[in-house]
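J.: Predicted model and sequence below, questions to follow.
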Amino acid sequence: MAETHTGSYYAATAIPRPGFPRLEGETEADVVVMGGGFTGVNAALELAGRGLRVLLLEANRIGWGASGRNGGQITGSLSGDRAMASEFRRTLGPAADAYIWDLRWRGHDIIRQRVARFGIQCDLKHGHLQAALTPAHAAELRAMAAEAAARGMGDQVSYVEGAALRDLVEIPLYIGGVYNRRNMHVHSLNLVTGEAQAAASLGVRIHEDSKVEGIDHGPRPVVRTAQGRVRCDMVLMAGNAYHRLAQGRMRGALFPAALGIVATEPLPEETARAINPQDIAIYDNRFILDYHRLTADRRLLFGGGTNYSGRPSTDLASELRPAIERTYPRLKGVRIDYQWSGQAGIIPNRIPHLGRIAPNVFYAEGYSGHGIATSHIVAEIMARAMTGDTGEFDTFDAVRRLRLPVGQWLAHQALALGMAWFALKERLR
Ligand SMILES: Cc1cc2nc3c(=O)[nH]c(=O)nc-3n(C[C@H](O)[C@H](O)[C@H](O)COP(=O)(O)OP(=O)(O)OC[C@H]3O[C@@H](n4cnc5c(N)ncnc54)[C@H](O)[C@@H]3O)c2cc1C
């Protein structure tokens, strides 16, 4: 039985859009996409744009997974960029660094163009602060701003402190930060459901409440749900941290982590203007970070590292309140209206995991909590690969991976251990 959207701020304020029917009976397609998050929906849209007959199967509702319940921050932070640099140099040589820099920003352009082309209403706004809590963070962020300037983005990215920082946010914990006017924030559920409508308008057949139960491999694979079967030429698995169909090279590569978010009551206009006058999104520079922003109806949406344990928490509001009040002293005692969690797909070296388990069965997953822009880039890379241009796909596919094909319990222990390691590293920073 399909699940409805989680009880999030996003679900409560979603633009009502028509649903899609369950798959029933037998049919055919060129490509079947499994998963209706940003990766699946955008890959379907890209593939349809290239003339293929695409059918998308979503177990629950479009955007039910991480895509419809995240922090909404569209940033140039690629997870695993350092590991990516050393891995990609093996295949791309000295061109790797410029390639990775381009990747950081490509997703922003795809999203902006998609929103404009299809008129998607999703509260898309520019502006972001990556904040320093310590002198070590400040040094790293200054270097980041200097690199952006050296690469010609000086008009969009700058290091701020003192009065310039206070003009952006009222957060006493911060000593400086990178102000980035290219980064954005968004109502992520409205973005992904809008993109699904766009995909449908290009001919993609979308079925919700249609969980893939298995794939029969062969020259023309058959994708099975409880009520239907689709014979196709190719499959893209885009179920990220939510599916249990990993096989072959997918097994043990991705660790699901439960991340939690809360949204407060709507803040008075004056309070919202005082704490965040430019209406930007914010995260701090810790390995396990807090991220926050205002919504269109002036709620503070706050996600935090305190719940980065691998398992969903039962009382996020109590866990996150101290961090909210430390960050925004003005919000002491603020009411919390929504709390929810979602599963992110963590990859040990944090490089997005792209590959195939059979010549015609591809997968794309694992953006380690930085997936809005990345999923859009990856969707484009996968669509190119599945229509014959495998250049960028091969670069990701060649990455060396740590795979721990262990059960769910051990995966959680490994993740908790990894997080403890990052917390220790932070203290030594
Ligand atoms: C709480 C939280 C906050 C985050 N904040 C940010 C942020 O601020 N910025 C950022 O860039 N990234 C953020 N992320 C990460 C980002 O949301 C994800 O990386 C991205 O949405 C992943 O998209 P996806 O399509 O790959 O996976 P998902 O959105 O998880 O979609 C997978 C879909 O596949 C479906 N599915 C699973 N199994 C099957 C099956 N057998 N058959 C059919 N369908 C199936 C699921 O129902 C689901 O809808 C956050 C993640 C979480 C959880």
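T.: Structure's in. What do you need?
J.: looking only at pLDDT, what's the mean for stretch 208-222?
T.: For stretch 208-222, mean pLDDT is 97.
J.: Any chance you could list what contacts that stretch?
T.: Contacts to stretch 208-222, defined as C-beta atoms under 8 Å, 6 or more residues apart in numbering, come from residues 1-2, 19-23, 32, 34, 36, 57-62, 223-235, 239, 243, 245, 358, 360-361. From N, CA and C alone the C-beta is placed, and that goes for glycine too.
J.: Let's see the ChimeraX selection covering just the buried ones among the residues you listed.
T.: Remark: buried members of those, expressed as a ChimeraX selection using 16 or more other C-beta atoms under 10 Å:
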select :20,22,23,32,34,36,57,58,59,60,61,62,223,224,225,228,230,232,233,234,235,239,243,360,361
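J.: Let's verify Thr4: helix, strand, or coil?
T.: Assigned state for Thr4: coil (three-state reduction, DSSP: H, G, I helix; E, B strand; the rest coil).
J.: Just list the residues touching it, thanks.
T.: Residues counted as contacts of Thr4 (C-beta under 8 Å, 6+ apart) are Ala11, Asn60, Arg61, Trp64.
J.: surely the last one meets Ser8?
T.: If I follow you right, that is Trp64. No - applying C-beta atoms under 8 Å, one finds Trp64 not in contact with Ser8, separated by 10.6 Å.
J.: returning to what we had before: of the contacts of stretch 208-222, list those near the ligand.
T.: Among those, proximity to the ligand is found for Met34, Gly36, Leu57, Glu58, Ala59, Asn60, Gly239, His243, Leu245 (C-beta under 6 Å from any ligand atom).
J.: Quick check: the third one touching Arg205?
T.: What it means is Leu57. No - using C-beta under 8 Å, Leu57 makes no contact with Arg205, being 9.5 Å away.
J.: which one's the longest helix in the chain?
T.: helix 96-118 (DSSP state H).
J.: and the next helix or strand after that one, which strands flank it?
T.: For helix 96-118, the following helix or strand on the C-terminal side (DSSP states H and E) is strand 125-132. Sheet pairing of strand 125-132 (DSSP bridges) gives strand 176-185 (antiparallel), strand 281-284 (parallel).
J.: Strand 125-132 to helix 96-118, inter-axis angle?
T.: Put simply, strand 125-132 runs at 150 degrees to helix 96-118, going by axes from the mean of the first three to the mean of the last three C-alpha atoms, to 10 degrees.
J.: Phi, psi for the closest residue to Ala200 other than its chain neighbours please.
T.: Distance criterion C-beta to C-beta, 6 or more residues apart in numbering; nearest residue to Ala200, sequence neighbours excluded, is Ile206 at 5.6 Å. The phi and psi values for Ile206, taken as degrees, to the nearest 10, are phi -110, psi 130.
J.: Can you tell me the SS state at His137?
T.: When classified by three-state DSSP, His137 comes out as helix.
J.: Wait, it touches Asn285, no?
T.: Yes - the pair His137 and Asn285 qualifies as a contact (C-beta under 8 Å) at a distance of 4.0 Å.
J.: Break the protein into its domains for me.
T.: 1-124+186-254+348-398, 125-185+255-346+407-429 (automatic domain parsing).
J.: What parts of the stretch 251-400 of the chain come near the ligand?
T.: 259, 261, 291, 303, 342-344, 365, 367, 369-373, 375.
J.: Could you rerun that using 5 Å?
T.: Contact residues, the stretch 251-400 of the chain versus the ligand (C-beta under 5 Å from any ligand atom): Leu259, Gly342, Ala344, Tyr367, His370, Gly371, Ile372, Ser375.
J.: Close to the ligand: what parts of the stretch 51-200 of the chain are there?
T.: With C-beta under 5 Å from any ligand atom as the criterion, the stretch 51-200 of the chain meets the ligand at residues Leu57, Glu58, Ala59, Asn60, Trp64, Gly65, Ala66, Ser67, Asn70, Gly71, Gln73.
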